[in-house]
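*Asks:* Kindly generate the corresponding structure for this input.
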Amino acid sequence: MRRRILAWIGLALAAALAQGAPARADIGVETPWHPAAASYRSMMFLGDLKPVVWDQISAAYENPHPAAAISRPARNYFESLKGGAATAIGRAITAKDRQALYEAATRATSQLTRQTLAEAADSLASSGKAHQKVLEAQTLYRSFGEFIDQADPEASKRLGLAWLELTSSVGSQGVLGSGAVAPELEVFAAARKAIEDYLAANFEPERFKARESLTPLPESVVAAQSEVKVTPWLPPGSNLNDQDPLPKLVLNFEEREIKETDLPLVAYGDMLFDSPLIFGEPARSLGLACSSCHNRSDVNQTFFIPGISHQKGAIDTRGSFFNPLFNDRRRGSLDIPSLRGLRFTAPYGRDGRFGSLRDFTRNVIVSEFAGNEPTPFMLDAMVAYLLEFDFLPNDKLDKRGGLTEKASASAVRGAKLFRKPFPQMDGKACATCHIPSAGFLDRQAHDIGSARPSYEGGRDGAFDTPTLLGAKFTAPYFHDGSLPTLASVVDWFNDRYKLKLRKSELVDLTAYLETIGDANEPYQKFEGRKTKFRLDWEELTTFASTFETLLPKRDAKHADLMLETVATDLAADASGMANAAAKPKVYEVAGLLSDMRKAIAADDWAAAEKSWARFKEFQAKYDEEMY
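*Replies:* Alright, predicted model coming up:
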């Protein structure tokens, strides 16, 4: 149910059903980029961050881009242009001049697109090469395409038709000389001219207007209307997809065989955890929810936004991108923490700054992601849900945190080392902070020397003691994810505190950490009709069940938020169904939720109740087909 930006299948319907809800879709794979286009889009995105990350802009220009189809630096492409385009971009980066960077890189990308079209025209005698060059030009045009779509839709339609005409007019050599089709030279020339004229006028003008944002908007639109708002966008290489395999979610009430539909407050909180609607822009439009980072209460180790994440599974929530008002002007990307067993792991925040889960939750919504102030009911619901997160079962541990007979001999030896006091650590043991009987934590913050202070004499290197339960599946480690394995954590402590452990002791201590951090079933299993969509269907219809509680209260605000979330998600999730024949029925059910929203907006609760009755009828009728 975690919505993503990388596949847009089914979103037109979802948007219609949700009356303007944020764009979200199922997991998809980003289409590889042309190296120059990937570099250009990345430089524009990174140039809009405050402070600007010039070192990353330089890397995006000088080095092969990880999201590109070809491992070749963008600079190499721009050096083929006349007029010193590559040098101009380099000078702008060296001078740290945002406007100069925008102008030089935009001109160069547009020129490269036109140059590629010229090469296509020169190759028309060899239709195979011409077609290849047209496709390459299209991948370069991708640098601007979506922004033209939004800022200048009429031009976008004309250009779209021109690209189709280009592709079809290059002709074909046929197969073994048979079925050859001659190129349509006049059609090709007219289509090429339409595209090149627009690019030259809008992305290579003699003068650009000064830009607040480096989003590549057509200059004619900017000149006439000033800068226009477009849908929030991310640079190439971003990944908001769920982790695969998907972590298993362990909820206390389910282990006690209580149905979530009988816990409406918890169910509503579950819905909020999966809803981007509680956040402000840009998170909302990007489809970012709490569950985007914390897949099934755990860590999304694939989450990555260049400039926002220093590595996979990390995010800077106090930068300029998500909430400029909360910008600390530091590069503070931190490793995403697991939320398992949350009721046992206070205080909250990497440095333990929040003693209250309620305060921490409100801070995430309002301060980090620019959401509106949540209602008391919303906070009650979210806290109720978060408190149900449990640790993964591990039959190698008993209830007191001791090892069972299923643990290895190496782990048993490691347990003794874990409890051994070391004079180099002021007479403390690993177990002093990671108390086995207390969930392997002590609810305190300690400065172990894992981070440099932000200024001389600063004491901001203290971090909340993390639990070690489930740690085998939450790599990398430390607040910044700087250590890739539990073995490297053991080595770090051995070196940092000069413990002088023998190699065999390092192995045993690592075996112990891997044992206490293990789990019986860490990942969600999907097989047969138990598909990802089936899981989504069951969750979403559970969320919808909270309407039974909201209906008697005529609670329009909270009902609308829930209905918008569920209607959008149902329609978007249908794209991933194994039973494709049942997709229309999913859209039908989602449409009923949309009807309920309209009725509530008109204060027609009787109509909303009728649609709700039909929803429940269809839910039961179609349930067997929902997989």
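*Asks:* show me what contacts the closest residue to residue 463 other than its chain neighbours?
*Replies:* Nearest-residue entry for residue 463: residue 479, 4.9 Å, with adjacent residues in sequence omitted and distances by Cβ to Cβ, 6 or more residues apart in numbering. Just so you know, the C-beta spots here come from the backbone N, C-alpha and C atoms, and that holds for glycine as well. By Cβ atoms under 8 Å, 6 or more residues apart in numbering, the contact set of residue 479 is 334, 335, 350, 450, 451, 463.
*Asks:* would JSON lines of those residues with neighbour count be doable?
*Replies:* Below are the contacts of residue 479 laid out as JSON lines (neighbours: other Cβ atoms under 10 Å):
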{"residue": "334", "neighbour count": "20"}
{"residue": "335", "neighbour count": "26"}
{"residue": "350", "neighbour count": "17"}
{"residue": "450", "neighbour count": "18"}
{"residue": "451", "neighbour count": "17"}
{"residue": "463", "neighbour count": "20"}
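*Asks:* Closest one of these to residue 51?
*Replies:* Ranked by distance to residue 51 (Cβ to Cβ), these are led by residue 334 at 17.7 Å.
*Asks:* and that closest one, how far is that from residue 608?
*Replies:* Between residue 334 and residue 608 the distance is 43 Å, computed by Cβ to Cβ, to the nearest Å.
*Asks:* Run through the neighbouring helices and strands of the helix or strand harbouring residue 511.
*Replies:* Assigned by DSSP states H and E, residue 511 belongs to helix 503-516. Under the contact criterion of 3 or more Cβ pairs under 8 Å, 6 or more residues apart in numbering; DSSP states H and E, helix 503-516 touches helix 409-419, helix 486-496.
*Asks:* right, and the helix or strand after it?
*Replies:* Downstream of helix 503-516, the next assigned helix or strand under DSSP H and E is helix 532-544.
*Asks:* quick one: average pLDDT of that next one?
*Replies:* Mean pLDDT, helix 532-544: 98.
*Asks:* Name the residues that touch whatever helix or strand residue 222 lives in?
*Replies:* Taking DSSP H and E as the criterion, residue 222 maps to helix 219-225. With contacts defined as Cβ under 8 Å, 6+ apart, helix 219-225 is touched by 151, 152, 201, 202, 203, 205, 208, 209, 211, 228.
*Asks:* I figured residue 305 hits residue 313, correct?
*Replies:* No - at 11.5 Å, residue 305 does not count as touching residue 313 under the criterion of Cβ atoms under 8 Å.
*Asks:* one step back: quick check: buried residues in the helix holding residue 222?
*Replies:* Using 16 or more other Cβ atoms under 10 Å as the test for burial, helix 219-225 gives 219, 221, 222.
*Asks:* Pull the distance from it to the chain's centre.
*Replies:* Chain-centre distance of helix 219-225: 32 Å, with Cα atoms, centre = their mean, to the nearest Å.
*Asks:* Export that helix to CSV, keeping only CA atoms.
*Replies:* This file holds the C-alpha atoms of helix 219-225, laid out as CSV (Å, rounded to 0.1, in the frame of the first residue of the first chain):
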residue,chain,number,x,y,z
GLU,A,219,10.9,30.8,-21.1
SER,A,220,7.8,32.0,-23.0
VAL,A,221,5.7,31.0,-20.0
VAL,A,222,8.0,32.5,-17.5
ALA,A,223,8.2,35.8,-19.4
ALA,A,224,4.4,36.0,-19.7
GLN,A,225,3.3,34.7,-16.3
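*Asks:* Go through the contacts of residue 479 and flag which are in strands.
*Replies:* Cross-referencing the contacts of residue 479 against strands under DSSP state E gives 334, 335, 463.
*Asks:* sorry, back to before: want to throw the contacts of residue 479 into a markdown table with distance to residue 328 and pLDDT?
*Replies:* Putting these into a markdown table (distance: Cβ to Cβ, whole Å; pLDDT from 0 to 100) gives the following:
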| residue | distance to residue 328 | pLDDT |
| --- | --- | --- |
| 334 | 12 | 95 |
| 335 | 17 | 96 |
| 350 | 13 | 90 |
| 450 | 20 | 94 |
| 451 | 15 | 93 |
| 463 | 17 | 94 |
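*Asks:* I'd like the next helix or strand past the helix or strand bottoming out on mean pLDDT in the chain.
*Replies:* Least confident helix or strand, the chain: helix 11-18 with a mean of 34, by mean pLDDT, DSSP states H and E. Scanning forward in sequence from helix 11-18 by DSSP H and E, the next helix or strand is helix 35-47.
*Asks:* other SSEs contacting that next one?
*Replies:* Counting contacts by 3+ Cβ pairs under 8 Å, 6+ apart, helix 35-47 is packed against helix 54-62, helix 74-78, helix 98-122, helix 127-151.
*Asks:* Flag every buried residue along the third one.
*Replies:* By neighbour count with 16+ other Cβ under 10 Å, helix 98-122 contains the buried residues 98, 100-117, 119-121.
*Asks:* helices and strands around it, which ones?
*Replies:* Here helix 98-122 touches helix 35-47, helix 74-78, helix 85-95, helix 127-151, helix 185-203, going by 3+ Cβ pairs under 8 Å, 6+ apart.
*Asks:* hmm, back to that, can you name the residues in contact with the helix holding residue 511?
*Replies:* Applying Cβ under 8 Å, 6+ apart, the external contacts of helix 503-516 come out as 394, 396-397, 401, 403, 407-408, 410-415, 417-418, 430, 436, 440, 468-469, 471-472, 486-487, 489-491, 494, 501.
*Asks:* Tell me the buried residues in that helix?
*Replies:* Within helix 503-516, the residues scored as buried using 16+ other Cβ under 10 Å are 505, 506, 507, 508, 509, 510, 511, 512, 513, 514, 515, 516.
*Asks:* Stretch 528-547 now?
*Replies:* For stretch 528-547, the neighbour count (16+ other Cβ under 10 Å) marks 531-537, 539-547 as buried.
*Asks:* and which of those residues is nearest residue 243?
*Replies:* Looking across the buried residues of stretch 528-547 and measuring by Cβ to Cβ, the closest to residue 243 is residue 532, at 12.5 Å.
*Asks:* Go ahead and confirm the closest one touches residue 574.
*Replies:* No - contact between residue 532 and residue 574 fails when scored by Cβ under 8 Å: they sit 11.7 Å apart.
*Asks:* Who's the closest spatial neighbour of residue 497, skipping the chain neighbours?
*Replies:* Nearest-residue entry for residue 497: residue 424, 4.4 Å, with adjacent residues in sequence omitted and distances by Cβ to Cβ, 6+ apart.
*Asks:* Am I right that the residue nearest to residue 463 falls within a strand?
*Replies:* No - if the criterion is DSSP: H, G, I helix; E, B strand; the rest coil, then residue 479 is coil and not within a strand.
*Asks:* how much space between it and residue 314?
*Replies:* 10 Å.
*Asks:* Done for today, thanks.
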